[in-house]
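A.B. asks: take this sequence and fold it.
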Amino acid sequence: MEFKLPDIGEGVAEGEITKWLVKAGESVKADQPMVEVMTDKATVEIPSPMNGTIDELLANEGETVPVGQAIVRIAGAGDSAVKKPSNGGAHAPQDRPVSQPAPTKSAATKSAPAEDSSAEVLPFKVLATPATRKLARDLQIDLTRVEGTGPHGRITKVDVQMVYEGKQAATSRSSHPSPSTAVATRTKAPVSYVPSGSVERIPLRGVRKKIAEAMTRSKHTAAHFTYVEEVDMSEIVKMRSAAKEEAKARGIKLTFLPFIIKALIPALREFPYLNSSLDDENQEILLKGDFNIGIATDTDNGLMVPVIKTADRKSIWDLADEIETLSEKTRTGKVSVDDLKGGTFTITNAGSIGGVFATPVINHPEVAILGVNAIRKRPVVKGDQIAIADMMFLSLSVDHRVVDGADAARFMNRLVYFLSDPKRFVFA
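C.D. replies: Numbering: from 1, shown residues only. Prediction:
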């Protein structure tokens, strides 16, 4: 039987094969993990639906396939193999060509256009997944005029979005060019450079590929504006220090993030547009009633953003416990799809690493992200005296299409107001 990539849910239309856990010729049992698949939401393991033998892997590692496309052929007990490996050994995924050779011009003109499960066939073959084709239809973009930047000239959603935003010149294709001409037109010439030493080529796949797509989409969609302010954290430093013994008794690691989140909530209530998203398709701003705070988390595989749901209803202790739990799940690869969705505002914290401040990239489709930086003792003027204080820089990036610069500054003033005296947000 041919096993197709199942519907993982949450509106996922495609997935990237990041790692095969089985190989051709290997026996598998029902519910045994076969393959790791990464979606826009999370990485999941897909189990075998039956006992049997892996006959053939139909998708390569690093390949993106739509839901419903066959990814593996499994022979059940008593079944004969549908296709024997050509060399008598296991059929490794890299042995399978990623795409079929382009048809000749005569063959292309004789056969009627048809649509397969992974790409729409136009006068010449345009590689685009169903999700990309849907986006193109919604934005009224002609895929034959889009230059694909994905593997083998595949058109990605980012390519379509760039054409829609006018940031990529659409490729002009008058009449019906031959397939060879089309491929040549849509393939970008590699950048010429002279390496100073040996060069290692690393495939862009998995979490890193998703990060690249998300960052590109954000920078090409949101009009980024960053505002930087500093805050005296001395009172919060004292409060955290005083609570360390209780935190130890509770078995909780108490960082500064729970205090920052508690101060953030009343500021967001006063400036609800920072807790929103922009629906480009319907030209509507969506003001969110919940305060779901994403925490950008550094992992060995790249940056991920688990979300603390309804943060406004949780105590300092609840927030500290949930931050620690989510961070551990994220770093060990045990974070769920539900843990990564539903965010309304994101905090990114580089304070433990160092630096003065940064300009964070918005976690699109959210419209704001707060960068939290290192707390350092510095001399400051208080009244007419010079004193030593625990100072921290905050950097707020907003989507200027939704939030004006003046409102970003006012929001930061209120956040500084709450952070400089924790009694203000405790009783807010």
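A.B. asks: where in this protein is pLDDT low?
C.D. replies: Low-confidence segments of the chain, defined by pLDDT under 70: 8-11, 40-41, 77-131, 150-153, 167-196, 427-428.
A.B. asks: tell me the domain ranges of it?
C.D. replies: Residue ranges for the structural domains of the chain, counted by automatic domain parsing, are given in the record as 2-95, 105-185, 222-426.
A.B. asks: reformat these as a markdown table; add distance to Ile202 and mean neighbour count.
C.D. replies: To be clear about C-beta, it is placed using only N, CA and C from the backbone, and glycine gets the same treatment. Supplementary listing: the domains of the chain in a markdown table, determined by distance: least, C-beta to C-beta, whole Å; neighbours: other C-beta atoms under 10 Å:
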| stretch | distance to Ile202 | mean neighbour count |
| --- | --- | --- |
| domain 2-95 | 11 | 17 |
| domain 105-185 | 14 | 16 |
| domain 222-426 | 13 | 17 |
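A.B. asks: dump these to JSON lines, plus distance to Glu213.
C.D. replies: Conversion of these to JSON lines gives the following (distance: least, C-beta to C-beta, whole Å):
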{"stretch": "domain 2-95", "distance to Glu213": "8"}
{"stretch": "domain 105-185", "distance to Glu213": "6"}
{"stretch": "domain 222-426", "distance to Glu213": "11"}
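A.B. asks: out of those, the one nearest Glu200 is which?
C.D. replies: For the domains of the chain, the distance to Glu200 is smallest for domain 2-95, at 16.1 Å, taking C-beta to C-beta.
A.B. asks: chain center to stretch 62-72, what's the gap?
C.D. replies: Its chain's C-alpha centre and that of stretch 62-72 lie 19 Å apart, by C-alpha atoms, centre = their mean, to the nearest Å.
A.B. asks: hey, C-alpha coordinates of that stretch in CSV?
C.D. replies: Only the C-alpha atoms of stretch 62-72 are listed here, as CSV (Å, rounded to 0.1, in the frame of the first residue of the first chain):
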residue,chain,number,x,y,z
GLY,A,62,14.3,18.0,2.8
GLU,A,63,11.5,17.6,0.3
THR,A,64,8.2,19.5,0.9
VAL,A,65,5.1,17.4,0.1
PRO,A,66,1.4,18.3,0.2
VAL,A,67,-1.1,16.5,2.5
GLY,A,68,-2.5,13.5,0.6
GLN,A,69,0.7,12.8,-1.5
ALA,A,70,2.2,9.3,-1.1
ILE,A,71,5.4,9.3,0.8
VAL,A,72,6.2,5.6,1.4
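A.B. asks: and the helices in the stretch 301-428 of the chain?
C.D. replies: 316-331, 405-420, 422-426 (DSSP state H, counting those that start in this stretch).
A.B. asks: same check on the stretch 1-150 of the chain?
C.D. replies: In the stretch 1-150 of the chain, helices defined by DSSP H, counting those that start in this stretch lie at 105-110, 130-139, listed in chain order.
A.B. asks: look up how far Gly25 lies from the closest residue to Val28 other than its chain neighbours.
C.D. replies: Computed as C-beta to C-beta, 6 or more residues apart in numbering, the closest residue to Val28 that is not its neighbour in sequence is Ser48, at 4.4 Å. Using C-beta to C-beta, to the nearest Å, we find Ser48 at a distance of 14 Å from Gly25.
A.B. asks: ok, now Gly15?
C.D. replies: Using C-beta to C-beta, which is the criterion applied here, Gly15 is 24 Å from Gly25.
A.B. asks: ok, now Asp298?
C.D. replies: 39 Å.
A.B. asks: now the helices for the stretch 151-300 of the chain?
C.D. replies: The residue ranges that make up the helices of the stretch 151-300 of the chain, judged by DSSP H, counting those that start in this stretch, are 157-164, 179-186, 206-221, 234-242, 244-250, 257-270.
A.B. asks: same list, these, but as TSV with distance to Ile316 please.
C.D. replies: Converted to TSV, the helices of the stretch 151-300 of the chain look like this (distance: least, C-beta to C-beta, whole Å):
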stretch	distance to Ile316
helix 157-164	40
helix 179-186	54
helix 206-221	31
helix 234-242	9
helix 244-250	9
helix 257-270	5
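A.B. asks: of those helices, which approaches Thr144 most closely?
C.D. replies: For Thr144, the closest of the helices of the stretch 151-300 of the chain is helix 179-186, at 8.6 Å, according to C-beta to C-beta.
A.B. asks: thought Asp232 was touching Ala389?
C.D. replies: Yes - proximity of Asp232 to Ala389 meets the contact threshold set by C-beta atoms under 8 Å, at 4.9 Å.
A.B. asks: give me the common contacts of the two.
C.D. replies: The contact sets of Asp232 and Ala389 overlap at Val380 (C-beta atoms under 8 Å, 6 or more residues apart in numbering).
A.B. asks: what's the local residue count around Thr216?
C.D. replies: Thr216: 19 surrounding residues under other C-beta atoms under 10 Å.
A.B. asks: list the contacts for it?
C.D. replies: With contact set as C-beta under 8 Å, 6+ apart, Thr216 has these partners: Val158.
A.B. asks: distance of it from Ala222?
C.D. replies: Using C-beta to C-beta, one gets 11 Å for the distance from Thr216 to Ala222.
A.B. asks: who's Ile17 bridged to?
C.D. replies: Legend: beta-bridge partners of Ile17 under DSSP bridges are Val37.
A.B. asks: do you know how far Pro6 is from Trp20?
C.D. replies: Pro6 is 16 Å from Trp20, where distance means C-beta to C-beta.
A.B. asks: hang on, I meant Ile347
C.D. replies: With distances defined as C-beta to C-beta, the gap from Ile347 to Trp20 amounts to 36 Å.
A.B. asks: Ile71 now?
C.D. replies: The value you get for Ile71 to Trp20, if C-beta to C-beta is used, is 9 Å.
A.B. asks: give me the common contacts of these two.
C.D. replies: Val35, Leu57.
A.B. asks: I'd say Gly15 and Val37 touch.
C.D. replies: Yes - at 4.1 Å, Gly15 and Val37 qualify as touching, with contact defined as C-beta under 8 Å.
A.B. asks: so what's Val398 up against?
C.D. replies: His224, Phe225, Thr226, Tyr227, Leu274, Ile362, Val367, Ala368, Gly405, Ala408.
A.B. asks: the residue nearest to Ala374 when sequence neighbours are not counted and Asp390, how far apart?
C.D. replies: Distances taken as C-beta to C-beta, 6+ apart put Gly351 closest to Ala374, at 4.3 Å, once the chain neighbours are dropped. Using C-beta to C-beta, Gly351 is found at 12 Å from Asp390.
A.B. asks: any common contacting residues for the two?
C.D. replies: Taking C-beta under 8 Å, 6+ apart as the contact criterion, the residues that touch both Gly351 and Asp390 are Ile375.
A.B. asks: hey, what's the residue lying closest to Ala70 once chain neighbours are set aside bridged with?
C.D. replies: Computed as C-beta to C-beta, 6+ apart, the closest residue to Ala70 that is not its neighbour in sequence is Glu2, at 4.0 Å. In this structure, Glu2 bridges to Arg73 when assessed by DSSP bridges.
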